[in-house]
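Asks: have a look at this fold, sequence not included:
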């Protein structure tokens, strides 16, 4: 190709639980447009190799905090803008490629397999000849239709996702390499294998076995001659669509190598199905609190994951169940109890208004939480001293710490995940010197993991309940491990070759 290829960028990303009563609206995606997109990704900047080798044209991307199902209106509004902006880009340029920047576990009211639906609309604008490269979360879902409409498709190889930016850059690098190859625009072969396993991320962390050795095999497959990329998707467990399951996709030029690699990864995953365990010791919330109270000093701070309402897995984030149970504990009733306990977090816009008006040091009575998810517990009324106030957070907007007895409860105007030490120290809290830190999360993100001296995963209720069988899936394909443990017929786990044309698929989505 004599000139730099022109590559458009578009996509929507949101991990959404269909078991949460929350809904996600368009503003939650914080859309970025045009040059804002290139600015967001340093590896696309003009002084970086990818920025030098290709011309990147941003349409619209939107990344929402995980939550409840996306409203149809929000999706239609954002997808229409993506299409409109792509039409302008196509009118002004010969577009050679598209980077499809998605997560893969977005659910929209009245629609199934919405990433495939979005790409179908995008393809109608850019045409069948444009090479599309998708980057995804390993907790996304890859239907046959999505794999069909993409030419390249890859995902993270680490959970927690410390390689998110590496994966996005790899998707773009693979795209540029194809566009600038010996036969520019030649489409690779795509081997797709669905695997009938659906597990929560807290059982499939790459920190521990068996996911550790399964994902360690991905670079080995990718290193084979004739293989371009290899990827394993765990799938997303807290939504109920036919596409929800694990999947393997290997792309490349050598049919035998691509097929062999895909089947190797699928077999590794399937053979380990009974070996997946939770990433930390588990227990009921009461059992976790008992263990924390009894823990020796060298095991503190003792972290507890209030996992059922994890806002970064799709929980509403506004359940009060965990904080209510915590404040009922007699050990924490007094500020002089000898314990320092941090709880993150519960939204409460009206509670925030009251606390901000009263100021730091004031004693207030406020009610917070359960505006969205009151299935398991009602709004919580508590009286405490305002410990700190912070304005201007991207997610929370305003944060208040209320000390109730020896519990420092973080209240927010809007829901927010607490993953970094700075999230706490900015609120005049010291998690390293606390006795107990309770966070609405599943597996601990890296900074929390490094701080924790003790840790248990609380099997708490909510929209991302770790006990999948009690959620009530009824649309996933069966049999599916672990919903079904006795398979009358074992899955074949053989390569399904995805049609390289961009015509509609014929035949069932196997």
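Replies: Received, thanks. Treat the numbers as computed from the prediction; the structure is a model and nothing was measured. Numbers count the residues shown, from 1 in each chain.
Asks: ok, residue 53 - how many residues close by?
Replies: 16 (other C-beta atoms under 10 Å). Backbone N, C-alpha and C define where each C-beta goes, glycine included.
Asks: thinking residue 67 is in contact with residue 310, fair?
Replies: No - contact criterion C-beta atoms under 8 Å: residue 67 and residue 310 do not qualify, at 10.7 Å.
Asks: hey, where'd the strands end up in the stretch 201-350 of the chain?
Replies: 227-233, 246-252, 282-283, 302-306, 341-347 (DSSP state E, counting those that start in this stretch).
Asks: okay, those strands in a markdown table with distance to residue 149, mean pLDDT and mean neighbour count next?
Replies: Shown next, in a markdown table, are these (distance: least, C-beta to C-beta, whole Å; pLDDT from 0 to 100; neighbours: other C-beta atoms under 10 Å):
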| stretch | distance to residue 149 | mean pLDDT | mean neighbour count |
| --- | --- | --- | --- |
| strand 227-233 | 16 | 98 | 25 |
| strand 246-252 | 13 | 98 | 27 |
| strand 282-283 | 39 | 98 | 16 |
| strand 302-306 | 37 | 98 | 27 |
| strand 341-347 | 37 | 98 | 27 |
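Asks: dump the ones you listed to CSV, plus distance to residue 488.
Replies: As requested, the strands of the stretch 201-350 of the chain are exported to CSV (distance: least, C-beta to C-beta, whole Å):
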stretch, distance to residue 488
strand 227-233, 25
strand 246-252, 20
strand 282-283, 31
strand 302-306, 36
strand 341-347, 46
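Asks: out of the ones you listed, which is closest to residue 469?
Replies: Nearest of the strands of the stretch 201-350 of the chain to residue 469, taken as C-beta to C-beta: strand 282-283 at 15.0 Å.
Asks: what helices or strands is the closest one leaning on?
Replies: If contacts are counted by 3 or more C-beta pairs under 8 Å, 6 or more residues apart in numbering; DSSP states H and E, strand 282-283 sits against strand 454-458.
Asks: partner strands of the strand it packs on and their direction?
Replies: Partners of strand 454-458 in the sheet, by DSSP bridges, are strand 282-283 (parallel), strand 302-306 (parallel).
Asks: okay, the ones you listed in a markdown table with distance to residue 111 next?
Replies: Converted to a markdown table, those look like this (distance: least, C-beta to C-beta, whole Å):
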| stretch | distance to residue 111 |
| --- | --- |
| strand 282-283 | 35 |
| strand 302-306 | 31 |
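Asks: looking at these, which is nearest to residue 17?
Replies: strand 302-306 (15.3 Å).
Asks: tell me what angle the closest one forms with strand 341-347.
Replies: 20 degrees (axes from the mean of the first three to the mean of the last three C-alpha atoms, to 10 degrees).
Asks: identify all contacting residues around strand 302-306.
Replies: 202, 280, 285, 288-289, 291-292, 295, 322, 435-444, 448, 451-458, 460 (C-beta atoms under 8 Å, 6 or more residues apart in numbering).
Asks: quick one: secondary structure of residue 61?
Replies: Classification of residue 61 using DSSP: H, G, I helix; E, B strand; the rest coil returns strand.
Asks: my guess is it meets residue 10, correct?
Replies: Yes - Residue 61 lies in contact with residue 10 (C-beta under 8 Å); the separation is 6.5 Å.
Asks: what is in contact with the two at once?
Replies: residue 101.
Asks: the more surrounded of these two?
Replies: residue 10 (30 against 25).
Asks: tell me the contacts of residue 497?
Replies: 189-192.
Asks: restricted to strands, list those.
Replies: Members of the contacts of residue 497 lying in strands (criterion: DSSP state E): 189-192.
Asks: out of those, who's nearest residue 261?
Replies: Looking across those and measuring by C-beta to C-beta, the closest to residue 261 is residue 191, at 7.5 Å.
Asks: measure the closest one to residue 398 for me?
Replies: According to C-beta to C-beta, to the nearest Å, residue 191 stands 50 Å off from residue 398.
Asks: looking at the two, which is more packed in?
Replies: Legend: neighbour count by other C-beta under 10 Å for residue 191 and residue 398, higher for residue 191 (28 against 18).
Asks: strands of the stretch 51-200 of the chain, start to end?
Replies: Counting by DSSP E, counting those that start in this stretch, one finds strands in the stretch 51-200 of the chain at the ranges 55-63, 67-70, 97-101, 131-136, 152-155, 189-195.
Asks: wait, residue 135 sits on residue 104?
Replies: No - between residue 135 and residue 104 there is no contact under C-beta under 8 Å: 9.4 Å.
Asks: what touches both of those two?
Replies: Common neighbours of residue 135 and residue 104 (C-beta under 8 Å, 6+ apart) are residue 155.
Asks: looking at the two, which is more packed in?
Replies: Taking other C-beta under 10 Å, residue 135 and residue 104 do not tie; residue 135 has more neighbours (30 against 26).
Asks: for that one, what are its contacts?
Replies: With C-beta under 8 Å, 6+ apart, residue 135 has these contacts: 99-102, 154-155, 167-168, 170-172.
Asks: just the buried members of the residues you listed?
Replies: Among the contacts of residue 135, those scoring as buried are 99-102, 154-155, 167-168, 170-172 (criterion: 16 or more other C-beta atoms under 10 Å).
Asks: could you list the low-pLDDT ranges of the stretch 101-250 of the chain?
Replies: The stretch 101-250 of the chain contains residues with pLDDT under 70 at 182-183, 185.
Asks: that one: helices as residue ranges?
Replies: Applying DSSP state H, counting those that start in this stretch to the stretch 101-250 of the chain gives helices spanning 114-126, 144-149, 164-179, 211-222.
Asks: between these, which one is nearest to residue 264?
Replies: Nearest of those (C-beta to C-beta): helix 211-222, 6.4 Å.
Asks: about what we covered before: ok, the ones in strands among the contacts of residue 497 vs residue 420, which is closest?
Replies: Closest to residue 420, out of all of those and judged by C-beta to C-beta, is residue 192, at 36.4 Å.
Asks: now do the contacts for that closest one.
Replies: Here residue 192 is in contact with 142, 144, 147, 247-249, 262, 495-498 (criterion: C-beta under 8 Å, 6+ apart).
Asks: against residue 11, how distant is it?
Replies: Per C-beta to C-beta, residue 192 is found 20 Å from residue 11.
Asks: with residue 76 instead?
Replies: From residue 76 to residue 11 the distance is 16 Å (C-beta to C-beta).
Asks: so which of the two has more stuff around it?
Replies: Here residue 76 and residue 11 are compared on neighbour count by other C-beta under 10 Å; more neighbours surround residue 11, at 25 against 13.
Asks: just to be sure, that one is in a helix?
Replies: No - Residue 11: not assigned to a helix; according to three-state DSSP it is strand.
Asks: that one touches residue 101, doesn't it?
Replies: Yes - with contacts counted by C-beta under 8 Å, residue 11 reaches residue 101, the gap being 3.5 Å.
Asks: quick check: neighbours shared by these two?
Replies: 61, 134.
Asks: could you chop this structure up by domain?
Replies: Taking automatic domain parsing as the criterion, the chain consists of the domains 6-277+493-497, 282-465.
Asks: which of those domains sits closest to residue 474?
Replies: domain 6-277+493-497 (6.6 Å).
Asks: ok, back up a step: which one of residue 67 and residue 310 has more residues nearby?
Replies: Counted by other C-beta under 10 Å, residue 67 and residue 310 do not tie: residue 310 has more neighbours, with 30 against 26.
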